[in-house]
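Undergrad: predicted model follows, preceded by the sequence.
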Amino acid sequence: MPTIPPLTSGDVTIRPIRLRDARALERELVENRGWLQQWEATNPHGPLSFDVRSSIRALQTNARSGLGLPYAMEYKGEFAGQLNVSSISYGSLGCATIGYWVSERFAGKNVTPTAVALATDHCFFGLGLHRMEICIRPENIPSLRVVQKLGFRYEGLRRRYIHINGDWRDHFCFALTVDELPQGVLLRWQNGEAREEDAAVPAADLAKAAMPLRIITRR
């Protein structure tokens, strides 16, 4: 697998996820089932198997092809969650998407915003990507706080975008480009220069996300 460097800021580290993380990962997923289930991606055509080692292998295969960066998040050396950079595209597009989850007992310790900032800076300045995107369910307040803290820019509502917890769910889309912050995401946040208002969702999109999408069928 191509080298994925560990990255650290204070008590938070992100590092490549490994097969030997399977036991810790499974424990966190089981113990945080109620905390995480409502945000988990699901298969609209049938149930997904709960096989942690197979999941890690799939992430590593994706990384070997250059399409992803699968990270474990640690807080003071303890496994705290996952962060995955996916859909990496080089060349004229130069972009990627970030997804993440953190165990409930580490919530409020700035683990996730630090991890997202570290990963985004690496993609910008290490991989040479131009744009990073994060899509979040409107109901996921903790994840919305992450993009607010880091000053990700709100870009729009995507209706019925990803199958989550048994149904197609709306998502809000946020993004940053490297030319917006030459000092990097982490340093801008640490210096208090991130603009939380950039992540503000317009009232019209909040209202649309609260309304069921009418599906038009052909007769």
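TA: Alright, I've got the coordinates.

Undergrad: show me what contacts Glu74?
TA: Contact analysis of Glu74 by CB atoms under 8 Å, 6 or more residues apart in numbering lists Val12, Thr13, Ile14, Arg15, Ala80. (C-beta placed from N, C-alpha, C; glycine too.)

Undergrad: strand partners of whichever helix or strand it is part of, parallel vs antiparallel please.
TA: Using DSSP states H and E, Glu74 sits in strand 69-75. Neighbouring strands of strand 69-75 in its sheet, by DSSP bridges, are strand 12-16 (antiparallel), strand 78-89 (antiparallel).

Undergrad: quick one: closest of those strands to Ile141.
TA: Taking CB to CB, strand 78-89 is the member of the strands paired with strand 69-75 nearest to Ile141, at 16.8 Å.

Undergrad: following the closest one, which helix or strand shows up next?
TA: As assigned by DSSP H and E, the chain's next helix or strand after strand 78-89 is strand 95-102.

Undergrad: counting neighbours, what do you get for Cys123?
TA: Cys123 has 23 neighbours, counted by other CB atoms under 10 Å.

Undergrad: for it, give its distance to Ile4.
TA: Counting by CB to CB, to the nearest Å, the separation of Cys123 from Ile4 is 11 Å.

Undergrad: who touches both of the two?
TA: Leu69.

Undergrad: hang on, Ala199 packs against Cys173?
TA: No - with contact defined as CB atoms under 8 Å, Ala199 does not reach Cys173; the gap is 10.9 Å.
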